[in-house]
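Trainee: okay, here's the prediction I keep looking at, along with the sequence it came from:
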Amino acid sequence: MRIIELKDLRRKETPLHYIREFTGIAVLEREGKVFEKALVFTVERRPIGAPEVSARFVEEPEWPILPLIRSIKELVTELDKSGGLP
């Protein structure tokens, strides 16, 4: 199982300037089949160190979720560093 891409990313307004919340769709591939699942994730800037990323699926997929969440967090961190988030 792998993540192909994150699409339709939208930023939600939050009252705290150091927390950014996003919604989007994760395009996943498993055994040659492609699935799309809605997700919500946040990027929280901390005073020291790397930002903290948290993610959750709106509707959980039917397969192990921990490896997916870990992969999504890594992808979001890369997108944040490269300026790919809205």
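Mentor: Yep, that arrived. Numbers count the residues shown, from 1 in each chain.

Trainee: for L79, which non-adjacent residue is spatially closest?
Mentor: Spatial nearest neighbour of L79, excluding adjacent residues (CB to CB, 6 or more residues apart in numbering): L85 at 5.2 Å. Glycine gets a C-beta too; all of them are placed from N, C-alpha and C.

Trainee: which SS state does that neighbour fall under?
Mentor: coil (DSSP: H, G, I helix; E, B strand; the rest coil).

Trainee: just E21 next, same as before
Mentor: Quick answer, by three-state DSSP: E21 is strand.

Trainee: residues contacting it?
Mentor: R11, K12, T14, V40, F41, T42 (CB atoms under 8 Å, 6 or more residues apart in numbering).

Trainee: now it: how far from W63?
Mentor: 25 Å (CB to CB, to the nearest Å).

Trainee: next: V43.
Mentor: V43 sits 25 Å away from W63, taking CB to CB as the criterion.

Trainee: which one of the two has more residues nearby?
Mentor: More crowded of V43 and W63, by other CB atoms under 10 Å: V43, with 21 against 12.

Trainee: check that one and give its pLDDT.
Mentor: On the pLDDT scale, V43 is placed at 97.

Trainee: list the contacts for E59?
Mentor: E59 touches K37, A38, counting by CB under 8 Å, 6+ apart.

Trainee: can you do 10 Å?
Mentor: When contacts are counted by CB atoms under 10 Å, 6 or more residues apart in numbering, E59 touches K37, A38, L39.

Trainee: any chance of those in CSV, plus distance to E5?
Mentor: Listed next are the contacts of E59 as CSV, based on distance: CB to CB, whole Å:
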residue, distance to E5
K37, 12
A38, 14
L39, 12
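
Trainee: just the buried members of those?
Mentor: Among the contacts of E59, the ones that count as buried by 16 or more other CB atoms under 10 Å are L39.

Trainee: all helices of the chain, in order?
Mentor: 65-82 (DSSP state H).

Trainee: picking up where we left off before, count of residues packed around the residue nearest to L79?
Mentor: 16.

Trainee: try G32
Mentor: By the criterion of other CB under 10 Å, G32 has 5 neighbours.
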